[in-house]
Structures are given as structure tokens and as C-alpha cells.
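**Student:** this is the structure alone, sequence omitted:
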């Protein structure tokens, strides 16, 4: 997660001083540690986490579906694609807040 964020920050704010870049990276690291230590994110959150991937999310979903089928339960699902939602946000606004 930190690698992706630091790459994004460096590409977006390459004209800024390295002090700014280091400050933001340290802030992100501290925030990430706080989130992990206090279990703020749900265990079902797979994005932007270490030791987590789409494969793990897919495996757990399929496992729950097969368990429900074995127990003769009804299965339903609603799938939403939020892929473009992140790109529609103006990322400069949160940085100025």
C-alpha cells in the first residue's frame, strides 16, 4: 500500500520539495499503522492492505457460496462496480482541507 501511495504522491507533486514528500509519506505510514493496530478496517476490506488481494477476496466469496450450497441455503448477490468512482474525485480538494 505504501509503495503505491508514495509513487502516486511523487508523480503528482514532483515539483514540491522533498520535505513535503517525506512529510506526506511519514503521515501516511503513521495513519496506516494506526488503522492496523486499532482494527479500524473490516476484515472484508481487501484493497490497500498488506497480505491481501483480489484472489483472496474471490476465494472467500466462492467458499461462502459453496458452503451455503452444501447447506441447501438460498444464495443471492448484488455486485457493484466502483472502479471509476475513485477517478471521478478531484484529488486536489482533500489535500487542501
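**Tutor:** Okay, I see it. Worth saying up front: this structure is predicted, and the values here are computed from it rather than measured. Residues are numbered from 1 along each chain as shown.

**Student:** helices or strands next to the helix or strand harbouring residue 30 in the packing?
**Tutor:** Counting by DSSP states H and E, the element that carries residue 30 is helix 18-37. Packing partners of helix 18-37 (3 or more CB pairs under 8 Å, 6 or more residues apart in numbering; DSSP states H and E): helix 2-12. Every C-beta, even on glycine, is put in place using the N, C-alpha and C of the backbone.

**Student:** now the helix it packs on: mean pLDDT?
**Tutor:** Mean pLDDT, helix 2-12: 64.

**Student:** okay, now the unreliable bits of this protein?
**Tutor:** Applying pLDDT under 70 to the chain flags the ranges 1-17, 48, 83-97.

**Student:** buried residues in stretch 31-44?
**Tutor:** By neighbour count on 16 or more other CB atoms under 10 Å, the buried set for stretch 31-44 is residue 32.

**Student:** how many other residues sit next to the closest residue to residue 75 other than its chain neighbours?
**Tutor:** Spatially, and ignoring its direct neighbours in sequence, residue 75 is nearest to residue 68 (5.1 Å; CB to CB, 6 or more residues apart in numbering). For residue 68, the neighbour count with other CB atoms under 10 Å is 13.

**Student:** also the one 4 residues further on?
**Tutor:** Residue 72 sits with 6 neighbouring residues when counted by other CB under 10 Å.

**Student:** phi, psi of it?
**Tutor:** phi 60, psi 40 (degrees, to the nearest 10).

**Student:** ok, it to residue 30 distance?
**Tutor:** Separation of residue 72 from residue 30 (CB to CB, to the nearest Å): 49 Å.

**Student:** residue 58 too?
**Tutor:** As judged by CB to CB, residue 58 and residue 30 stand 32 Å apart.

**Student:** state the distance from residue 77 to residue 27.
**Tutor:** Note on residue 77: its distance to residue 27, by CB to CB, is 37 Å.
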